[in-house]
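> quick one: sequence plus predicted model below, questions after.
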Amino acid sequence: MKKLLVSILIAAILWFVMFSPWTAPLLNFWKVMAVSATLLIALSVWFGKDLNKQFQLASKDVALGLASAIVLWFVFYLGDYFSSLLFDFAKPQVGSIYQMKEGENPLFLGLLLAFLVGPAEEIFWRGYVQRTLGGKYGEWMALIFTTLVYALVHIWSFNFMLIMAALVCGGFWGLLYKYTKNMVVLIISHAVWDVLVFIVFPIL
């Protein structure tokens, strides 16, 4: 458990650097994200057990990953619509998230999200953190804890909409992992959703 706690602490520090108003303006978000994602994968491989056994590739797994990404996009579309009716700050906060891609090549961002960021987050948060906690405290406790921590590492953005987005995504992918135990499904779901919501069909 010490290795797991150290790994979570490292992730929290990385997310602080990426999102906090004291450090974010000094750095290129996407370069730091690329380094962070690489480090998350490395931590998962170094400390995780039998990570390779969580990868099962079949046509149904690909279909489930794609379908779940589309479902999650619609959840966010509806969430954006209703939150904008309820909260005056919703649209500006969502807009500030999309500002992070200004000046960047959309193709580069799409490839980065699909082949590094999305896979890294799933391998670390679900494949390593949630799986490790599940073996010790049970699957539901692991899902709840991982989801909350996944949301809380975004707290330094001071962006309520981003934190809630992370909470919804964490819960969604946490449940998907609980019932599939298959990283292929999770990676496809996360990678495709990232590209859909951030590049192809932005919700704004």
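Cool, got the structure. Every value quoted in this text rests on a predicted model; they were computed, and no experiment measured them.
> measure stretch 110-129 end to end?
Terminal residues of stretch 110-129 lie 26 Å apart, using CA to CA, to the nearest Å.
> nearest residue to the middle of the protein?
Closest to where the C-alpha atoms of the chain average out (CA atoms, centre = their mean) is Glu121, at 5.2 Å.
> quick one, what contacts Gln130?
Contact analysis of Gln130 by CB atoms under 8 Å, 6 or more residues apart in numbering lists Ala142, Leu143, Thr146, Gly174, Tyr177, Lys178. C-beta: built from backbone N, CA, C; applies to glycine.
> confidence score at the residue nearest to Gly95 when sequence neighbours are not counted?
Closest residue in space to Gly95, ignoring its immediate chain neighbours: Leu204 at 6.3 Å, by CB to CB, 6 or more residues apart in numbering. We have a pLDDT of 77 for Leu204.
> and the lengthiest helix in the chain, how far from the chain's centre?
Selection of the longest helix in the chain by residue count, based on DSSP state H, yields helix 59-86. Distance of helix 59-86 from its chain centroid, counting by CA atoms, centre = their mean, to the nearest Å, is 14 Å.
> helices and strands around whichever helix or strand comes after it, which ones?
Where DSSP states H and E defines the elements, the next helix or strand beyond helix 59-86 is helix 90-98. Judged by 3 or more CB pairs under 8 Å, 6 or more residues apart in numbering; DSSP states H and E, helix 90-98 is in contact with helix 59-86, helix 160-180.
> so Trp173 sits against His190, correct?
Yes - between Trp173 and His190 there is a contact under CB atoms under 8 Å: 6.3 Å.
> mutual contacts of the two, please.
If you check Trp173 and His190 against CB under 8 Å, 6+ apart, the residues they both contact are Glu122.
> tell me the mean pLDDT over stretch 107-119?
96.
> great, nothing more from me.
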